[in-house]
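Visitor: need coordinates for the below:
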Amino acid sequence: MVRNPCSSVHRNQSSGDTYQQCSADQKPGEEQSKPYICPTCGKGFHKPNLLSKHKVIHRQDKPYECQECGKSFVQLLRLKRHQKTHSGERPFYCEECGGTFTRLASLQRHQRIHTGEKPYSCAYCAQDFTESGSLRRHERTERPHKCPECDKGFIRTCAGLCECSLHYFPLPE
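Guide: Reported below is the predicted structural model:
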């Protein structure tokens, strides 16, 4: 049996979150990896405090309630963003087609339809995407690193442990 090659997997004692500092987890061209992974949705963060802040969205209690429709939110900022849907406030305007948006980020994402820009690329198959969320969804399905024992695929080379028969396999050199 080969020892797990990725010895940089750690567990935060206070939060229980796992993270890794494995260079194999880093995508080509990416300056800094995102070793702090949300256990609920798989989204990665490069700082533990950003992961903690993110995890709030998965909470069951949502103390901020919209007085218009009763929808609840875990963050006040998200409630305020939602309230713009009731007020009709749409200050961001697309010069190309006349579309209006409640947020600058929404306008910028929309404008990629007109420009054809796809700034997010899959590190495994080089497919391009207009939105980071689409890339994340796609990369969760890409499993290019195969276990030589059973051919099970893994997202990262440092996965190392094959759950089907509990054997480890070495990283490619």
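
Visitor: and for residue 92, the neighbour number?
Guide: 15 (other Cβ atoms under 10 Å). Just so you know, the C-beta spots here come from the backbone N, C-alpha and C atoms, and that holds for glycine as well.

Visitor: for it, phi and psi?
Guide: phi -100, psi 120 (degrees, to the nearest 10).

Visitor: hang on, isn't it packed against residue 98?
Guide: No - using Cβ atoms under 8 Å, residue 92 makes no contact with residue 98, being 11.8 Å away.

Visitor: does the nearest residue to residue 75 once chain neighbours are set aside count as helix, strand or coil?
Guide: Once flanking residues are discounted, residue 75 sits nearest to residue 56: 6.4 Å by Cβ to Cβ, 6 or more residues apart in numbering. Here residue 56 is recorded as helix under DSSP: H, G, I helix; E, B strand; the rest coil.

Visitor: and the gap between residue 56 and residue 108?
Guide: Noted for residue 56: a distance of 25 Å to residue 108, by Cβ to Cβ, to the nearest Å.

Visitor: one more: residue 58?
Guide: Applying Cβ to Cβ to residue 58 and residue 108 gives a distance of 26 Å.

Visitor: quick one: contacts for the closest residue in space to residue 127 that isn't next to it in sequence?
Guide: Excluding the flanking residues, the one nearest residue 127 by Cβ to Cβ, 6+ apart is residue 138, at 6.6 Å. Residues near residue 138 by Cβ atoms under 8 Å, 6 or more residues apart in numbering: 122, 127, 129.

Visitor: count of residues packed around the second one?
Guide: Residues within reach of residue 127, counting by other Cβ under 10 Å, total 14.

Visitor: do you know the pLDDT at it?
Guide: The score at residue 127 is 88. That number is its pLDDT.

Visitor: that one reaches residue 137, doesn't it?
Guide: No - using Cβ under 8 Å, residue 127 is not in contact with residue 137; the gap is 11.7 Å.

Visitor: rewinding a little: surely the residue nearest to residue 127 is in a helix?
Guide: Yes - the assignment for residue 138 is a helix, going by three-state DSSP.

Visitor: what segments of this protein are helices?
Guide: 48-55, 76-87, 104-115, 132-141 (DSSP state H).

Visitor: could I get the ones you listed as CSV with distance to residue 66 and mean pLDDT?
Guide: Formatted as CSV, those follow (distance: least, Cβ to Cβ, whole Å; pLDDT from 0 to 100):
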stretch, distance to residue 66, mean pLDDT
helix 48-55, 22, 89
helix 76-87, 6, 88
helix 104-115, 19, 93
helix 132-141, 24, 84
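
Visitor: I am finished for the moment; much appreciated.
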